[in-house]
Structures are given as C-alpha cells and as structure tokens.
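[1] 3D model of this:
(one chain, ligands or ions: 1)
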Amino acid sequence: MCFRRTIAAGLLLPWCLPSASADVFTVKDDNGEQVTVSARWGGSGRQVAVLEFPNGRVQPIPEDRILAREPADDPAPLTGEELAGQLVDRFGAGRTVTRVEAPYVLAVVMAAPNGADRATKNRVQALLKKAGLFLKGVQTSFENEMRELEIDLQPLRYALPVVIFESDSDFDAYYRTELGEQAGLSAKNVASFYDVLSNRLILRARECRSFDTPLHESIHQLVYNRGLIRRLAPVPLWLHEGLASGFEGDGVRVKSGPRAVNERYASVALRTRKADWTDLVENDKAFQGDVLAAQAYAQSWGLHWLLLTRYPEAYQQILKHYRQVEPLAEPDPAERKLLVERSTGKTLPELQSEFVEAVSKARARKR
Ligand SMILES: [Zn+2]
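    All right, here's what the predicted structure looks like:
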C-alpha cells in the first residue's frame, strides 16, 4: 500500500522558513493569507505545481495560488539531526525519542509521556536500534538487487524519516489527521504506510516484530527517493505494488528479492488466475476493496516476477518510460497495456499463461 493524495486540504505550510538559498515563492494559503516560502520546484501538471521542501516533503499547490516566484538555488536538504528535531517538534519532546541511522531518521512516539522508567527507555532504544538495522539492511538489499538488474538509482537527496507509534490509537489518530477520508480505508485496517507527501514511513510498533508490512512500505519509500518513480506521477499501481511486493524478509533481514518465487504471492496468484492481467494493467480498479486488492498484489508480484526473470529488457523499457513521467502529468490509460505488450512482444493473456506455467514449474523445482 502507499498513499497518493492529490491536493492536500491544508495549505498552511508551517514547516518551512524563507531562506536566502532557495527559490522563494509567495503563496496564498487556505485562509487567503499571503505566505512566503522557500522551496525547490518539483514540476507541475494540470494547473497544479509541486513544491519540494528541505525535509523532503512535497506539496501540490494550485498554480493560481502561487503569486510570485523569485529564482534562487535549491534549498539545502535538512541533515539527519535537523530532521530528527522536526519530528520531536511534531510529536512532542516528552514522548518522542529519535535515532539517526543514516540515511534513516527514526522516531519512536511513546505511548506514555516521558518520565518513563529505565525498562521503558531500554525498550524504546532497542526498538529504534532494531528498526534502524532492519531498514538499513533493506536499503542494501534493494541496492544490490537493482544493481544486478542493471537499474540505475539516483543518490538520495533527503534523509528518510521513519515514525514508529507505540500505541495503536496514536497511529490511528495520526492516520486520520494526515490522510483523512482520502485513502478510503479505516485506520485500524492499515498496518503501516508510506506517505508520499511527507515522505514519512509510518509504522505501528507491533509491526516491527515481523517487519512484514514495514518492509513493503520501505520499498515504496526507496523507489521514490532513489528516482525510480517520481512522487505524484500517475504511474500504474501494478508497477508500484509489484516493486514493493518483490522483497521478502524473515523478521530480521531481507531474505529474497523480486526474482525469487514468493511462495505466499505465488499461491494466491495461481489460486486467483482468473484475475485478468489485462484489467490489472489497464486500470487500478483491481486494487480497490480488501479481497480484490489481495489478488491484485499477488498478480502484480507475478507480472514483475515474469518480466524480471524472462523479459528483463522489456522491464527496463517499461521502467525507463515510467521513471520519466512528471508529477501530476495527465494519465494516459491507453498506453498502459500497449507499453507492456509492445515491450515484450506478447499479449497480456499470453504473458499470464506463461506465468502460470513458469511459476508452477519453479515451485515444483523448489520442493
Ligand atoms: Zn504498497
């Protein structure tokens, strides 16, 4: 899962201050007030501009709200320590403990305010350390896998924020505040998420036992931050979710990448082989609703697995196409199916049949 919002409801821009080293924008906020902000230009489309702030947040703003722009150098990204300071400000000094494990900046939001006893402090420190080590391992596995697939990664521009809520009710409240009704899911059904606007990975502490959903969400964060897909670009969900579903962990580290058979997804994909790949690729409807979404994730994993193991050059072409799509660009539904079929020289039903046969054989070999 990852969340792509279009225009954020609140346009109060409290996180940024003018700086001499950046483009300076004069913007009209939700209250009609003029606000001056320092930001990096992140592109524009459909009459909406995207501003990028030094903490890695992107903010879509209707172009008619930008009253003036004075060009200057890009603002310097926040250091890990500065970003940690922002997280403490956001979640409260009495409740927030941070750890910088570059490139990650981790924050645990404690269930109870400070004054915590030694056992609680030790527990929080252990959680920060464990999560930091796990995520750094994910990053290394991701980089290694992309290198082997000859997929270029851009260097990181921003430190990567990770917020871990000890309490489920705090997680739920944050989810509702940040995403409101837009995501279409109730907070309690969300185990973890990556927020494409704030660039934050948001985790429940209990998910850090298996790191199952944190692994998936952290791949979303890496995909965006290493330049494979631009944030807010209209890129099909089969590509987003196939990429994020390609890595499997064992609770301590990543144990396999997208070219290995993921037993869980493979069995769902085979059981639900009537879920049509043409539909999956043509539109994102398959990802709506809990039951259908589970099938769509498995089928997206399957399409990736097939492309990466049998059509690596076609996959390169598809990825090359989508990594150039600009934020908020006009979506092009007609091209989605065409791109996969043209790159592979096969129709989607042919590819799906090939997958069923190939993954069945691969599973048989594993046994
Ligand atoms: Zn996802």
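[2] CA only for contacts and neighbour counts going forward, please
    OK.
[3] and Tyr315, what is it in contact with?
    By CA atoms under 8 Å, 6 or more residues apart in numbering, the contact set of Tyr315 is Leu307, Leu308, Ser343.
[4] Which of those ranks first by neighbour count?
    Within those, most neighbours by other CA atoms under 10 Å means Leu307, with 21 neighbours.
[5] who's in contact with it?
    Residues counted as contacts of Leu307 (CA under 8 Å, 6+ apart) are Ala314, Tyr315.
[6] any idea which element it lies in?
    helix 290-310 (DSSP states H and E).
[7] is any part of that helix close to the ion?
    No: for helix 290-310, no contact with the ion is found by CA under 5 Å from the ion; the gap never falls below 8.2 Å.
[8] For that helix, list the C-alpha coordinates in CSV.
    Extracted C-alpha coordinates of helix 290-310, given in CSV (Å, rounded to 0.1, in the frame of the first residue of the first chain):
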residue,chain,number,x,y,z
ASP,A,290,-9.8,-5.8,0.5
VAL,A,291,-10.4,-9.1,-1.2
LEU,A,292,-9.7,-7.9,-4.7
ALA,A,293,-6.7,-6.0,-3.5
ALA,A,294,-5.0,-9.1,-2.1
GLN,A,295,-5.3,-10.7,-5.5
ALA,A,296,-4.1,-7.6,-7.3
TYR,A,297,-0.9,-7.5,-5.1
ALA,A,298,-0.2,-11.2,-5.9
GLN,A,299,-0.8,-10.7,-9.6
SER,A,300,1.4,-7.6,-9.6
TRP,A,301,4.1,-9.6,-7.9
GLY,A,302,3.6,-12.3,-10.6
LEU,A,303,3.8,-9.9,-13.5
HIS,A,304,7.1,-8.5,-12.1
TRP,A,305,8.5,-11.9,-11.5
LEU,A,306,7.8,-12.9,-15.1
LEU,A,307,9.2,-9.7,-16.6
LEU,A,308,12.3,-9.8,-14.4
THR,A,309,13.1,-13.4,-15.0
ARG,A,310,12.1,-13.8,-18.7
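[9] List the buried residues of that helix.
    Burial within helix 290-310, assessed by neighbour count using 16 or more other CA atoms under 10 Å, is assigned to 293-308, 310.
[10] Could you export the contacts of Tyr315 to CSV, including columns for pLDDT and distance to Ala159?
    Output for those, formatted as CSV (pLDDT from 0 to 100; distance: CA to CA, whole Å):
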residue, pLDDT, distance to Ala159
Leu307, 98, 31
Leu308, 96, 29
Ser343, 98, 35
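[11] Name the nearest of the residues you listed relative to Pro103.
    Ranked by distance to Pro103 (CA to CA), the contacts of Tyr315 are led by Leu308 at 27.8 Å.
[12] Could you verify my assumption that that closest one touches Arg259?
    Yes: Leu308 is in contact with Arg259 according to CA atoms under 8 Å; the separation is 6.3 Å.
[13] Just give me how far stretch 63-71 sits from the chain centre.
    Distance of stretch 63-71 from its chain centroid, counting by CA atoms, centre = their mean, to the nearest Å, is 28 Å.
[14] And that stretch, what's buried?
    Arg65, Ile66.
[15] sec struct for the residue most central in space within the chain, please.
    In the chain, the residue lying closest to the centroid (CA atoms, centre = their mean) is His220, at 2.9 Å. At His220 the chain is in helix, as set by DSSP: H, G, I helix; E, B strand; the rest coil.
[16] who touches the nearest residue to it once chain neighbours are set aside in this structure?
    In space, not counting the residues next to it along the chain, His220 is nearest to Ala244; the distance is 5.7 Å by CA to CA, 6 or more residues apart in numbering. For Ala244, the contact set (CA under 8 Å, 6+ apart) comprises His216, Glu217, Ser218, Ile219, His220.
[17] which strands and helices sit next to whichever strand or helix holds the second one?
    In this structure, Glu217 sits in helix 212-225 according to DSSP H and E. Using 3 or more CA pairs under 8 Å, 6 or more residues apart in numbering; DSSP states H and E as the contact criterion, the elements in contact with helix 212-225 are helix 118-148, strand 192-194, strand 201-204, helix 237-244, strand 248-249.
[18] ok, and what's touching stretch 250-266?
    With contacts defined as CA under 8 Å, 6+ apart, stretch 250-266 is touched by 134, 137-138, 141-142, 145, 209-212, 243, 245-249, 297-299, 301-302, 304-305, 308-309, 359, 362-363.
[19] what about it, start to end distance?
    In stretch 250-266, first residue to last residue: 17 Å (CA to CA, to the nearest Å).
[20] one step back: mind giving me JSON lines with the contacts of Ala244 and columns for pLDDT?
    Below are the contacts of Ala244 laid out as JSON lines (pLDDT from 0 to 100):
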{"residue": "His216", "pLDDT": "96"}
{"residue": "Glu217", "pLDDT": "97"}
{"residue": "Ser218", "pLDDT": "97"}
{"residue": "Ile219", "pLDDT": "97"}
{"residue": "His220", "pLDDT": "97"}
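[21] what are the ranges of the helices in the protein?
    According to DSSP state H, the chain carries its helices in the segments 80-91, 118-148, 168-179, 212-225, 237-244, 263-271, 277-282, 290-310, 312-323, 333-344, 348-366.
[22] possible to save those as CSV with distance to Val27?
    Formatted as CSV, those follow (distance: least, CA to CA, whole Å):
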stretch, distance to Val27
helix 80-91, 22
helix 118-148, 36
helix 168-179, 21
helix 212-225, 26
helix 237-244, 32
helix 263-271, 46
helix 277-282, 37
helix 290-310, 39
helix 312-323, 29
helix 333-344, 33
helix 348-366, 46
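[23] just so I know, which of those lies nearest Arg231?
    Nearest of those to Arg231, taken as CA to CA: helix 212-225 at 6.1 Å.
[24] now the closest one and helix 118-148, what's the angle there?
    For helix 212-225 against helix 118-148, the angle by axes from the mean of the first three to the mean of the last three CA atoms, to 10 degrees is 50 degrees.
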